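Trainee: here is the input, now give the coordinates:
(one chain, ligands or ions: 2)
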Amino acid sequence: MTKPLPLALTMGEPAGIGGELTLKAWLRRHDLTNPFLAVDDPDRLRSIAQSLGWDVPIAVIAAAEQAKDVFADALPVLPQPLVRAVKPGSPDPANGSAVMASIQRAVLLTQAGDTAAMVTNPIHKAVLYQAGFAFPGHTEYLAHLLGVDGAEVMMLACPHLRVVPVTIHVSLAQAAAGLTTQAIIHAGQVTAQALRRDFGIAAPRLAVAGLNPHAGENGAMGNEDAAIVAPAVAALRAQGIDANGPLPADTLFHARARAGYDAALCMYHDQALIPIKTIDFDGGVNITLGLPIIRTSPDHGTAFALAGTGLAVETSLMAALNMAAAMAANRSRPHG
Ligand SMILES: NC(=O)c1ccc[n+]([C@@H]2O[C@H](COP(=O)([O-])OP(=O)(O)OC[C@H]3O[C@@H](n4cnc5c(N)ncnc54)[C@H](O)[C@@H]3O)[C@@H](O)[C@H]2O)c1
Ligand SMILES: N[C@H](C(=O)O)[C@H](O)COP(=O)(O)O
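Mentor: Ligands and ions are numbered 1, 2, ... in the order given. The predicted model follows:
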């Protein structure tokens, strides 16, 4: 049997918990479906392993194809050197170029088919902005690198819930002012396609949240639900997508409600991310849909206060690695 292709795992913010999570994921490699390679600085990973007393041999590799042969015995690392040595919890914008280069290289490896998917360790957005990063987050940056600006759709998923924020990294005021019927239709189309192709759900059911309390209460609490959201639901249904809404968001996430849909389209970031990070912070996975490649990520950030302690929980990264592998396997199956 041929060994599965490796996944490319990025460095993330080097002062955050990403390095120790990478090491922990390798230590738990028997729970992973696919091997992975880290696009990272081998010296920093060695230094973290040494300071925590973890036995993680590092194998510096020159090409992705070497990863699957060494993975059983060592963590394969494609070297991406840091600009400056890093102290856990103390980010240095000088390393921003290395953080971005790691993401770019994972994109190229996955585009070329050398890796089955890319998985990103968390970046610190404010630190990267100081280094000249011109995108709100990975989601928008990856769409740009892959030449599909505006096509990106964010999904967060755990075994009990999938959520899709239609507006992403913008202020609440901008989310309300910028919400359009077309953006909801686009998110619905991309989500339905991903549920079929990547998650093996033949007839996906979408719940569409309203923007306002009580989905507008017949216009008494805002007219966006009737004027913007309802036409999008009608358009999705006219395209054969099983979409329902606008539904009041406050009653959309309890267990009985969740049983009625495969993904909830939400109108703004926190409407989507608060329920999933509350239900399963340790198992949630962030997925970018709408790209020509597969990208997943843990649902948490850089957790500077934990960096260097070895206490950060690796389960969300493990779930991201296994979800990327499952999505890749689903994509490679013939679909009728
Ligand atoms: N995919 C990504 O790159 C990504 C995702 C989310 C947040 N971020 C960024 O991370 C930075 C910090 O964000 P934040 O403070 O809002 O969120 P955070 O997720 O870093 O931390 C929130 C809380 O959860 C804890 N926590 C986080 N991950 C943990 C883990 N694996 N194990 C145990 N506890 C954990 C932290 O200690 C903290 O108490 C921001 O710049 C944000 O934009 C990046
Ligand atoms: N909004 C995401 C979250 O809170 O989990 C996070 O900022 C990650 O975004 P990117 O994947 O675009 O970096």
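Trainee: for the rest of this, base every contact and every neighbour count on C-alpha atoms.
Mentor: Will do.
Trainee: and the residue of the stretch 151-300 of the chain nearest ligand 1?
Mentor: Of all residues in the stretch 151-300 of the chain, the one sitting closest to ligand 1 is residue 300 (3.6 Å; C-alpha to the nearest ligand atom).
Trainee: how many residues are close by that residue?
Mentor: Around residue 300 there are 18 other residues, counting by other C-alpha atoms under 10 Å.
Trainee: quick thing: my sequence starts at 5, can you match it?
Mentor: With the count now opening at 5, the last piece we talked about shows up as residue 304.
Trainee: quick one, what contacts it?
Mentor: Residue 304 makes contacts with 126, 285, 320, as judged by C-alpha atoms under 8 Å, 6 or more residues apart in numbering.
Trainee: show me those that map onto helices.
Mentor: Among the contacts of residue 304, the members found in helices (DSSP state H) are residue 320.
Trainee: ok, so of the contacts of residue 304, who is nearest ligand 2?
Mentor: For these, the closest approach to ligand 2 (C-alpha to the nearest ligand atom) belongs to residue 126, at 6.9 Å.
Trainee: what residues does that closest one make contact with?
Mentor: With contacts defined as C-alpha under 8 Å, 6+ apart, residue 126 is in contact with 16-17, 20, 22, 301-302, 304-306.
Trainee: could you do residue 170 as well?
Mentor: Going by C-alpha under 8 Å, 6+ apart, residue 170 touches 157-158, 183, 187-188, 191, 269-273.
Trainee: need the max-distance pair from these.
Mentor: 158 and 183 (15.3 Å; C-alpha to C-alpha).
Trainee: pick out whichever of the two has more residues nearby.
Mentor: Each of residue 158 and residue 183 has its neighbours counted (other C-alpha under 10 Å); residue 158 has more, 21 against 18.
Trainee: in terms of helix, strand or coil, where does the closest residue to that one other than its chain neighbours fall?
Mentor: Of all residues not flanking residue 158 in the chain, residue 292 sits nearest, at 4.9 Å (C-alpha to C-alpha, 6 or more residues apart in numbering). Using DSSP: H, G, I helix; E, B strand; the rest coil, the structure places residue 292 in strand.
Trainee: on the pLDDT front, check residue 292 for me.
Mentor: On pLDDT, residue 292 comes in at 98.
Trainee: which among the contacts of residue 126 gets closest to ligand 2?
Mentor: If you rank the contacts of residue 126 by distance to ligand 2 using C-alpha to the nearest ligand atom, residue 304 comes first, at 5.5 Å.
Trainee: residue 112: neighbouring residues, count only.
Mentor: For residue 112, the count of nearby residues is 17 (other C-alpha under 10 Å).
Trainee: dump the helix or strand harbouring it to CSV, restricted to CA.
Mentor: Residue 112 is part of helix 100-115, with elements assigned from DSSP states H and E. Provided in CSV are the C-alpha atoms of helix 100-115 (Å, rounded to 0.1, in the frame of the first residue of the first chain):
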residue,chain,number,x,y,z
GLY,A,100,7.4,38.4,10.3
SER,A,101,9.1,37.7,7.0
ALA,A,102,9.9,34.1,8.2
VAL,A,103,6.3,33.6,9.3
MET,A,104,5.0,34.7,6.0
ALA,A,105,7.6,32.7,4.0
SER,A,106,6.5,29.5,5.9
ILE,A,107,2.9,30.1,4.8
GLN,A,108,4.0,30.8,1.2
ARG,A,109,6.1,27.7,1.0
ALA,A,110,3.2,25.5,2.4
VAL,A,111,1.0,27.0,-0.3
LEU,A,112,3.5,26.2,-3.0
LEU,A,113,4.0,22.6,-1.8
THR,A,114,0.3,21.9,-1.7
GLN,A,115,-0.4,23.6,-5.0
